[in-house]
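# Model the structure of this input:
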Amino acid sequence: MRRRTWATVAAAFGLGALAPGEARAVIGGNDLGINVHVPSNELLDATKTLGVGWIRVDGDWLAMNPASGRFDYAAVDRVVDQANARGLKVYLTLGYTPAWVPRAPRSRADTNPRNDEPATTAEWTAFVRAAVAHYRPKGVRHFGIWNEPNLDQFWENAAGSGPYIDKILVPGAAAVRATCADCFVVGPDLAHVGEYDVFLRPVVQRARGSIDILAHHIYSGWPETGTTVLDGDNFLNALEKRRFSFTRISLRELLDEERYTGEVWITETGYQAKQIGNAGDEGKQATYVRRVMEEQLRRPWWTHTFFYEILDCKPDQADCPIDGFGLLRANRTAPPARTFPADYRQKPAFTAIQQFIAANPGIVAGAPPDAGAPDGGRDASTPDGSATPDAASPPPPTPTPTSTAEPPVTPPGAPPGASGANGAEPTGPSADAGGCTVGAPGGPASALAVLATALAAAVARRVRRRARP
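Purely as a prediction, here's the structure:
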């Protein structure tokens, strides 16, 4: 496909800065990332060209700890080292049970051992401590505790979220913190499907002190990509405002009910352009990513987004029901080794992200991670590290640059089942997903500044809550 000029792309997909007078949200800095799994070096070149600041990398327990007492970091070491060389920050998602680990009695005897609950926490926490100790010197400070544990293919969850909290999240977070005082625990990275709220609510109630940054996955569509009220929840319904009083509660509404005021990352989202090469379908993918970025900048509590994913799974994987989520399409299979950009087609969504970053540079200018806890996360003033429910939010938004642009109104291993229709929620595109980002800024220097910040936060929360029916 021939490259278009910026003006042509902007006209076609409504790209550009936020509308005049709109405010850019600020809390710990905004940033963008991409799910890359364990990518080849030229895909890291592509990510650098894309312009995002982060990559989400698969830190699979079963691959990195293949036998008791034996660790193999070679594959992920290459990715982290190459990411560092390109100025990309790494969010490393840890998870998936190795075959050698003893299972809990309730685990099923099936062909998918990686989703099994361990009999004890000992092997899991030993792995987490080893991985954190290995990667913190390489600059990795953000560690995810499992991926989509509310989906059965990733965690056998018939018993609800209790075993995940008790066996994985709480001990895993403690292992991260015992090994690295300035690292961040990110999670639980739930898929926004089914009774996600039944799984998430106990996590927020019982284990909020174990999470520094709450991560979530949303693949719901937008009206601009064809999602109607009859199709199910659109992205904003899933994010912050349920469609009807009888439909599933949104993420923000649940967090408000539980008085969680911490930072939120959307660590998987994207559009499956199933009609490969079709301008209309791939144009909807570009519209999808643009709408996500626009809405992120309007919300102070949602600071980071990781799109799914950098590369289509075909032609490398012949049988891949989630093909089409990638921002790139390989022109041929490998080997021989491919190079970027010669061996890849950049989809319109790739260009859409580049152009949005160019028009809104603050979206990838997140502040460096702070060793202190993000608002609503770890709090050294409480015995268990849990946050004070009414902790002050970060400062009010700062203005965005004005523009004349008017924005229009579910990998390697065994892949999950096919996703739903375009714009509907896939059942978690990746068995091996990973990705995320920065902590909140440090506290004000004076009591007056603290009071001003708290008052501004209280007003912002009240306005947000009154705006909802």
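# burial of D58, as a residue count?
30 (other Cβ atoms under 10 Å). For glycine as for every other residue, the C-beta is placed from the backbone atoms N, C-alpha and C.
# Identify the bridge partners of it.
T93 (DSSP bridges).
# Would you check that my belief about it contacting A75 is correct?
No: assessed by Cβ atoms under 8 Å, D58 is found out of contact with A75, at 9.1 Å.
# which regions of this protein sit below the pLDDT cut-off?
1-28, 365-469 (pLDDT under 70).
# Show me the strands in it, by range?
Taking DSSP state E, the strands of the chain run over residues 23-24, 31-37, 54-60, 89-95, 142-145, 184-191, 213-217, 264-269, 302-307, 328-330, 344-346, 398-399.
# Find the centremost residue of this structure, please.
Taking Cα atoms, centre = their mean, the centroid of the chain lies closest to T267, which sits 0.7 Å from it.
# How about G33: what's its closest non-neighbour residue?
Nearest residue to G33, sequence neighbours excluded (Cβ to Cβ, 6 or more residues apart in numbering): W54, at 3.1 Å.
# what's the burial count for the one you found?
W54, neighbours per other Cβ under 10 Å, totals 29.
# oh, and call the first residue 374 from now on, that's how I've got it
Okay, using 374 as the starting number, the last item reads as W427.
# Tell me the bridge partners for it.
G406, K462.
# How about residues contacting stretch 538-553?
With contacts defined as Cβ atoms under 8 Å, 6 or more residues apart in numbering, stretch 538-553 is touched by 467-468, 477, 490-491, 493-494, 497-498, 501-502, 505-506, 509, 514, 516, 518-519, 522, 528, 556, 558, 560-561, 575-576, 579-580, 583-584, 751, 758.
# if you set the cut-off to 6 Å instead, what comes out?
Under the contact criterion Cβ atoms under 6 Å, 6 or more residues apart in numbering, stretch 538-553 has outside partners 490, 494, 498, 501-502, 505-506, 509, 516, 518-519, 556, 558, 579-580, 583.
# Look up phi and psi at the closest residue in space to F723 that isn't next to it in sequence.
Spatial nearest neighbour of F723, chain neighbours left out: L700 (4.2 Å); criterion: Cβ to Cβ, 6+ apart. When read as degrees, to the nearest 10, the backbone of L700 gives phi -80, psi -20.
# G432 against G468, yeah?
No: look at G432 against G468 with Cβ atoms under 6 Å: they stay out of range, at 7.6 Å.
# what about the residue lying closest to R579 once chain neighbours are set aside, neighbour count?
The shortest distance from R579 to any non-neighbouring residue, by Cβ to Cβ, 6+ apart, is to I538 (5.8 Å). A count of nearby residues for I538, using other Cβ under 10 Å, gives 20.
# now do the one 3 residues further on
Around I541 sit 26 other residues, with neighbours defined as other Cβ under 10 Å.
# related to what we said a few turns ago, I'd like the distance between the residue nearest to R579 and R581.
According to Cβ to Cβ, to the nearest Å, I538 stands 11 Å off from R581.
# Repeat that for T676.
Taking Cβ to Cβ, one finds T676 at 18 Å from R581.
# cool, and S618?
On the measure of Cβ to Cβ, S618 and R581 end up 26 Å apart.
# cool, and A472?
Applying Cβ to Cβ, the value for A472 to R581 is 33 Å.
# who's more crowded, these two?
R581 (24 against 11).
# Quote the end-to-end distance of stretch 556-573.
Terminal residues of stretch 556-573 are spaced 23 Å apart (Cα to Cα, to the nearest Å).
# Buried ones in that stretch, by neighbour count?
556-566, 569-570, 572-573 (16 or more other Cβ atoms under 10 Å).
# neighbours around the closest residue to R616 other than its chain neighbours, how many?
Leaving aside its sequence neighbours, R616 sits nearest to N610 (Cβ to Cβ, 6+ apart; 4.9 Å). N610 has 20 neighbouring residues, counting by other Cβ under 10 Å.
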